[in-house]
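Peer 1: Kindly return the folded structure for what I paste below:
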Amino acid sequence: YDENDENNQKHDIKSKDDTAALESNLVMEEEEQTLTRLNPLVFLSGLFWIISVFSSLIGGKWENLSWTALVSVTCGIPNLTKKAFNALNRHEFDVNCMMLFAIFGALTLQDYEEAASVSFLFSLSEYLEGITT
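Peer 2: Next comes the predicted model:
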């Protein structure tokens, strides 16, 4: 029995715990900083979503603009995807993961406007939540 080996093992475990806690704090701080600024992708996501909704309401030759819903999803999904994968890396399943699955489900069903609305509205709610907290 060597007391130095036991102390070294305790130090290694504590060091790993400290490193994990630091990484987690850095990820959370980075998420908070991105929420306080208006992300231009949120604005673009909303703009393209509105265009796609009006194009389907008007119909006729404007119906081809309904594909702008995919552009809206493309603009609204990056931040959400990043947060969802960070949560999954921490072995957590949170609302970001659920929203990501909802968007992919809507895309799979080819309901592009629904995917765009979920993407934009959730991105907007994240931004507003970041401002108020």
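
Peer 1: For the residue most central in space within the chain, which residues are in contact?
Peer 2: Closest to where the C-alpha atoms of the chain average out (Cα atoms, centre = their mean) is Leu80, at 0.9 Å. The contact partners of Leu80, by Cβ atoms under 8 Å, 6 or more residues apart in numbering, come to 96, 99-100, 103, 119, 122-123, 126. Placement of C-beta: from N, CA and C, glycine included.

Peer 1: Tell me which stretches of this structure form helices.
Peer 2: Here the chain has its helices, by DSSP state H, at 3-36, 40-58, 68-89, 95-108, 112-132.

Peer 1: Worst mean pLDDT among those helices?
Peer 2: Of all the helices of the chain, helix 3-36 carries the lowest average pLDDT, namely a mean of 58.

Peer 1: Distance check, the closest residue to Glu113 other than its chain neighbours against Lys82.
Peer 2: Counting by Cβ to Cβ, 6 or more residues apart in numbering, Ala69 is the residue found nearest to Glu113 once chain neighbours are left out, at 4.8 Å. Look at Ala69 and Lys82: by Cβ to Cβ, to the nearest Å, they are 21 Å apart.

Peer 1: With neighbour numbers in mind, choose between those two.
Peer 2: Ala69 (27 against 15; other Cβ atoms under 10 Å).

Peer 1: Much appreciated, bye for now.
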